[in-house]
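A.B. asks: kindly generate the corresponding structure for this input.
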Amino acid sequence: MQKDISNTFHEELRSFFALSILNIVFAALTMALGISTVVTHIGQMMTTGAYVLSSPVLLLGVIVTVVGFMWLPESARMLSDVTSLRDKARAAEGGGDEAGLRLMIEMIAIYRNQRSTVQRMILVSKAGGAIFLVLGLFNMAIVIMAFAAQPPMTGASDSVVLVAGVLGAAVNIAIGVAALYTSVLFGRYSTAWEARLEESVRAEAALTHALEQD
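C.D. replies: Predicted structure coming up:
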């Protein structure tokens, strides 16, 4: 029993930690993309005077920046809670079933208190993972087509460009796959936690009823 509880807890904790990290990454990238869009289009507007064409894109950049700015602290707070729980788990190693159950209950409490945030984090990870995966595959296709249409590489610079393009695409694909896998895995844990919460509510109601009978 001890091994099962410990394994389950650590698997769910690792997934929770990865989900929090991914959301911080996506929030930071979203905010950076928004700021870059705003700065770029303000410069274009000042240079070309194309206010009508640039204004919608500028507004979109502002919205994206605000979304990233709002999501970053939410993800950071969640990561702080999960990191604190992970530190407690490390300190309680070898504590037996009682310690494992106590930590499991605390993790479920974090989920209960931040249920809506966790659900949004799952959606963000799915969306971000899909975007990174598509971007990586698109970049890989561009690299392949670009070098297939040119003569064989003749210098070190060509090799550097090829390697950089392939590595960049591979990183995007890796992040996308990790995000999608984590979100799907954590979705399963979320379903299990919902069942545990319902069970705890029923147990609490039964206890309250028993106390009232006394």
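A.B. asks: switch to C-alpha atoms for all contacts and neighbour counts from now on
C.D. replies: Will do.
A.B. asks: which non-adjacent residue is nearest Val82?
C.D. replies: Leaving aside its chain neighbours, Val82 sits nearest to Phe17 (6.1 Å; criterion: Cα to Cα, 6 or more residues apart in numbering).
A.B. asks: which strands or helices does the helix or strand where the one you found lies pack on?
C.D. replies: Here Phe17 sits within helix 2-48, counting by DSSP states H and E. On a contact count with 3 or more Cα pairs under 8 Å, 6 or more residues apart in numbering; DSSP states H and E, helix 2-48 meets helix 51-91, helix 96-113, helix 115-148, helix 156-213.
A.B. asks: from Glu11, how far off is the residue nearest to Val82?
C.D. replies: Relative to Glu11, Phe17 is positioned 10 Å away (Cα to Cα, to the nearest Å).
A.B. asks: more neighbours: these two, which one.
C.D. replies: Phe17 (20 against 15; other Cα atoms under 10 Å).
A.B. asks: right, and the more buried one touches Asp81 too?
C.D. replies: No: using Cα atoms under 8 Å, Phe17 makes no contact with Asp81, being 9.5 Å away.
A.B. asks: in the protein, what helix or strand scores lowest on average pLDDT?
C.D. replies: helix 156-213 (a mean of 76; mean pLDDT, DSSP states H and E).
A.B. asks: Ala126 touches Ile175, doesn't it?
C.D. replies: Check again: residue 126 is Lys, not Ala. No: with contacts defined as Cα under 8 Å, Lys126 does not count as touching Ile175, sitting 11.2 Å away.
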